[in-house]
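**Q** Model the following, please.
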Amino acid sequence: MSWGKELWDQFDNLEKHTQWGIEFVERYNKFVKDRTEIEISYAKQLRNLSKKYQPKKNSREEEEQRYTSCQAFLAILNEMNDYAGQHEVIAENMSGLIFAELSRYIQELKQERKSHFQEGRRAQQHIESCWKQLENSKRRFERDCKEAERAQQHFEKMDNDLNVTKADVEKARQQAHTRHQMASDSKNEYSSVLQNFNKEQHEHYFTNIPNIFQKIQDLDERRIVKIGESMKTFSEVDRQVIPIIGKCLDGITKAAESIDEKHDTQLVIEAFKSGFEQPGDVEFEDFSQPMKRTVSESSLSNSRSDGKQESKGGKSKGKLWPFIKKNKLMSLLTSPHQPPPPPPSCSSPSAVPNGPQSPKQQKEPLSHRLNEFMTSKPKIHCFRSLKRGGSGPEDFSNLPPEQRRKKLQQKIDEINKEIQKESDQKDGLIKMKDVYIKNPQLGRPETVDPRLAEIEQTIEKLRQESQKFEAWLAEVEGRLPVRTDQPKRSSEMHELQSTTVNNCAQDRESPDGSYTEEQNQDPELKVAAQCEFDDEFDDEEILAAIGTCKAMYPFEGQNEGTIAMAEGETLSVIEEDKGDGWTRVRRNEDEEGYVPTSYVEVYLDRNTKGT
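**A** Numbers count the residues shown, from 1 in each chain. Presented below is the predicted three-dimensional model:
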């Protein structure tokens, strides 16, 4: 099966076929290049995806990594990163082993094909020139034969004519002889050229063309083999990374199997456990029996119980500190601690008091208790710090006991690491100093002393800081309640409130304005005061509107507990003026505060006036 024998006359078709073969290789190479670009793009997208969902440093996501589900997700992200790396390997191998190799081979293929077909064209041109030479020799022989025949006929005609002289006959005979001689030479030449042409033609069709076509056939077969090898490499490149991709998938499966729901549940307990005991049962208070109680102005429990009888019909609450929301606006529960400003256009109306504000006697019980409880300045700062949600005090006293203990322990561990780091630096400097003492040419020992002194001071400060936090930790560990079979009842905590209020003046304030207790206070007293006070703080029911008011003057509302209003604005009235010159209003169901009574015109509902 040879192109030289079977396709000896298909030179043009072979040229077209080999050109198509090269174009096919180029097309396949373009396919490999596109696949490489897809793999690179896919790997890049996988890496970006993995990076996008990586936990951010110094964020809540980094703290969540202690949960096994989050750790498994992080492991999956890392495995996806490795998975993307394998696709980069696929792209690299395809680019180097297939695309680059085929590009080089295509250039060689084009050059070799060009040389073979140029050789074939030269052979064709040679045989065509031999054919033309044969045709010329043939036509010349034919012409000479015709000329000789005409000359012979002319001679015979002249010889038979009696009127023609002998000289003319001789001349005609010589011309005929010359023409015959020329015809004979042309015949010999034609015979020689024909033999030569037949030889060249046989060599052309049986030697030259088969050799050239065989080379072209070999070239095309090598092209086909190369394409097959490239396609095999195409699959091998993928096959080589399958074990590693399998390991990545095994890693993802292992990460999923490592999730421990019980461990995560325990972590939630450790993260949010407050350390407080559950509230006890509420005792029955028999109001049918006449009771004589001694009311103390400084007693929080007495004022609280009185307020409850007036406002809520004797219902007491048993909620404790862990269940309290601390982000409520406390300034809305009491009127501002200063007289309202007079109207802008005239003197102060009679409703506005000239002196300092007196405590409200007819106010709702909770507001009255808040005013009574917040008479000392440290307490005011305490609740302001709770309202603004700022950073807590240094000793974390704003946290529940269990959370405070964890924060203090964490702080102590950080300080100990710093102490260890400074100690290592100190040891290194001491060794360096010893080297300088033994080898003065390396340096002066006294140059190390200032740095040693600085490190000593730093270590001493860190130790003092550690002792301070350890003292706070010991205090917290001593305060953590021990569970008993009979939990403390809320009535027992009511008995401790008066002592807490008396000790309020001795409370201290942290640098950022938040409230912390003195070290020598009983933890049960502080817990009781905080629980009872904040319990009423959060359970304040939303008051219904009792009328409307229209602002006659603009009011900026810069003081705490007030609300700004524009001239002509209509607001809902939820509490009348109790004689202090302030009216409590509400805007849009979620914003309320106090405004000067003299700045508004109040329209109360009829039903409200009757009550």
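
**Q** can we go C-alpha only for contacts and neighbour counts from here?
**A** Noted.

**Q** For F234, list the residues it contacts.
**A** M94, I98 (CA atoms under 8 Å, 6 or more residues apart in numbering).

**Q** From I437, how far off is it?
**A** F234 sits 69 Å away from I437, going by CA to CA, to the nearest Å.

**Q** Where do the strands of the stretch 501-611 of the chain begin and end?
**A** Secondary structure of the stretch 501-611 of the chain (DSSP state E, counting those that start in this stretch): strands at 508-509, 515-516, 547-551, 570-575, 582-587, 591-596, 600-604.

**Q** for the last one, packing partners?
**A** Taking 3 or more CA pairs under 8 Å, 6 or more residues apart in numbering; DSSP states H and E as the contact definition, the neighbouring helices and strands of strand 600-604 are strand 547-551.

**Q** Please apply the same query to the fourth one.
**A** Contacts defined by 3+ CA pairs under 8 Å, 6+ apart place strand 570-575 against strand 547-551, strand 582-587.

**Q** Which one, of the strands of the stretch 501-611 of the chain, ends up nearest to K114?
**A** For these, distance to K114 was read as CA to CA. The smallest value, 89.0 Å, belongs to strand 591-596.

**Q** by how many degrees do the closest one and strand 582-587 diverge?
**A** 150 degrees (axes from the mean of the first three to the mean of the last three CA atoms, to 10 degrees).

**Q** and strand 591-596, what other elements does it pack with?
**A** Against strand 591-596 (3+ CA pairs under 8 Å, 6+ apart) you get strand 582-587.

**Q** Could you pull out the buried residues of the strand it packs on?
**A** By neighbour count on 16 or more other CA atoms under 10 Å, the buried set for strand 582-587 is W582, T583, R584, V585, R586.

**Q** In its sheet, which strands sit next to that strand, and in what direction?
**A** strand 570-575 (antiparallel), strand 591-596 (antiparallel) (DSSP bridges).

**Q** report the angle between the axes of it and strand 547-551?
**A** Taking the same axes, to 10 degrees, one finds strand 582-587 and strand 547-551 inclined to each other by 100 degrees.

**Q** who touches strand 582-587?
**A** When contacts are defined by CA under 8 Å, 6+ apart, strand 582-587 is touched by residues 335, 340, 571-577, 592-597.

**Q** can you redo the helices and strands packed on strand 570-575 as CSV with distance to G120?
**A** Shown next, in CSV, are these (distance: least, CA to CA, whole Å):
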stretch, distance to G120
strand 547-551, 107
strand 582-587, 100
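
**Q** Point out the one among those that comes closest to K468.
**A** Comparing the helices and strands packed on strand 570-575 against K468 with CA to CA, the closest turns out to be strand 582-587 (46.2 Å).

**Q** Following element in sequence after the helix or strand where K254 lies, please.
**A** Assigned by DSSP states H and E, K254 belongs to helix 209-257. Where DSSP H and E defines the elements, the next helix or strand beyond helix 209-257 is helix 261-272.

**Q** contacts for that following helix?
**A** For helix 261-272, using CA under 8 Å, 6+ apart, the contacting residues are R66, Y67, T68, S69, Q403.

**Q** Kindly state the pLDDT recorded for the residue nearest to R35 when sequence neighbours are not counted?
**A** With CA to CA, 6 or more residues apart in numbering as the criterion, R35 has its nearest non-adjacent residue at 7.7 Å, and that residue is A91. As summarised for this prediction, A91 has a pLDDT of 94.

**Q** what does the one 4 residues further on give?
**A** In this model, S95 is scored at 93, pLDDT.

**Q** Equivalent analysis for Q45, please.
**A** On the pLDDT scale, Q45 gets 95.

**Q** can you check the one 10 residues further on too?
**A** In the predicted model, P55 carries a pLDDT score of 85.

**Q** how deep is it tucked in, by neighbour count?
**A** Counted with other CA atoms under 10 Å, residues neighbouring P55 total 16.

**Q** That one contacts E61, correct?
**A** Yes. Here P55 reaches E61: they are 5.2 Å apart, a contact under CA atoms under 8 Å.
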